[in-house]
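Colleague: coordinates only, sequence not included:
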């Protein structure tokens, strides 16, 4: 049975998340607006796709637990998935596929998703049409990953993608977005996933990141002699403090991304 990624709820969410990242980085506000609209419509809390996505997360994100607990988690997750409205999932997937093709274009489905094999493994476990022998192998693989120690974490296991296609995806993605700083990638990831939890994790992340940036800016202000640069840094420090007291907007996202880059440059200059 060939895996149909367009019928994999977790893959749909991941590819939309990556398309949103590209729209933000490439400064395409209209495209970003379309993507956010689709995510909010189909993955809002209480929707059937959001419920299925949560079950994918249980199996994909659980780590470092005992084997017996991992096996029980797998069985309970399968039971919960069996209780979902399968026809509702299929119909809603059809709607979101149509919305993506119409609003964003079919090229979205070519986005490279690093954990594709894991997503396909879980999809095979949830799919009643998967051959019993295959399902048992996938289930054992998931149990092994959930129960493995962090230092011995196993890599994804599923039938391999075509090597040429796989490496082509990696090269294209890294060439275009590999230059982002790690802290910028972290911010974008938190911003994307904030649509699934009403921004709670984003606020927690911002509280720590803004404190770090403010501290770095303050330290650089004390050490910088040029009056103009000092004034700009003080203004930036005030902005960071004010941001912690109100809602986070798209404009703020761009400013924080730039601030992270400035802070990294300041740190490099101090080392020089």
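Modeller: Here it is on my side, so go on. This is a predicted model, so every value here is computed, not measured.
Colleague: and residue 113, which of the three is it?
Modeller: Classification of residue 113 using DSSP: H, G, I helix; E, B strand; the rest coil returns coil.
Colleague: That one: neighbouring residues, count only.
Modeller: Per other C-beta atoms under 10 Å, the neighbour tally for residue 113 reads 20. Backbone N, C-alpha and C define where each C-beta goes, glycine included.
Colleague: again with residue 115
Modeller: Counted with other C-beta under 10 Å, the neighbours of residue 115 add up to 14.
Colleague: what pLDDT does it get?
Modeller: Looking at residue 115, its pLDDT is 84.
Colleague: Use 17 as the first number for this chain going forward.
Modeller: New numbering, starting at 17: the last item is residue 131.
Colleague: Hmm, residue 33 and it touching each other?
Modeller: No. Counting by C-beta atoms under 8 Å, residue 131 does not reach residue 33; the two are 11.6 Å apart.
Colleague: residue nearest the centroid of this protein?
Modeller: residue 205 (4.9 Å; C-alpha atoms, centre = their mean).
Colleague: okay, and for the stretch 117-266 of the chain, where does confidence drop off?
Modeller: The stretch 117-266 of the chain contains residues with pLDDT under 70 at 165-195, 209-216, 236-253, 260-261.
Colleague: rerun at 90
Modeller: 126-134, 144-145, 149-150, 157, 161, 163-266 (pLDDT under 90).
Colleague: Now do the helices in it.
Modeller: Secondary structure of the stretch 117-266 of the chain (DSSP state H, counting those that start in this stretch): helices at 132-142, 148-163, 179-193, 198-209, 216-239, 243-259, 266-287.
Colleague: tilt between the second one and helix 132-142?
Modeller: Translated: helix 148-163. Taking axes from the mean of the first three to the mean of the last three C-alpha atoms, to 10 degrees, one finds that helix 148-163 is oriented at 120 degrees with respect to helix 132-142.
Colleague: Equivalent analysis for the fifth one, please.
Modeller: Relative orientation of helix 216-239 versus helix 132-142 (the same axes, to 10 degrees): 160 degrees.
Colleague: tell me which strands and helices helix 216-239 is in contact with?
Modeller: Judged by 3 or more C-beta pairs under 8 Å, 6 or more residues apart in numbering; DSSP states H and E, the packing partners of helix 216-239 are helix 198-209, helix 243-259, helix 266-287.
Colleague: Measure how far it is from the centre of its chain, please.
Modeller: Relative to the centre of its chain, helix 216-239 is centred 22 Å away, using C-alpha atoms, centre = their mean, to the nearest Å.
Colleague: How about stretch 263-276?
Modeller: Relative to its parent chain, stretch 263-276 has a centroid offset of 18 Å by C-alpha atoms, centre = their mean.
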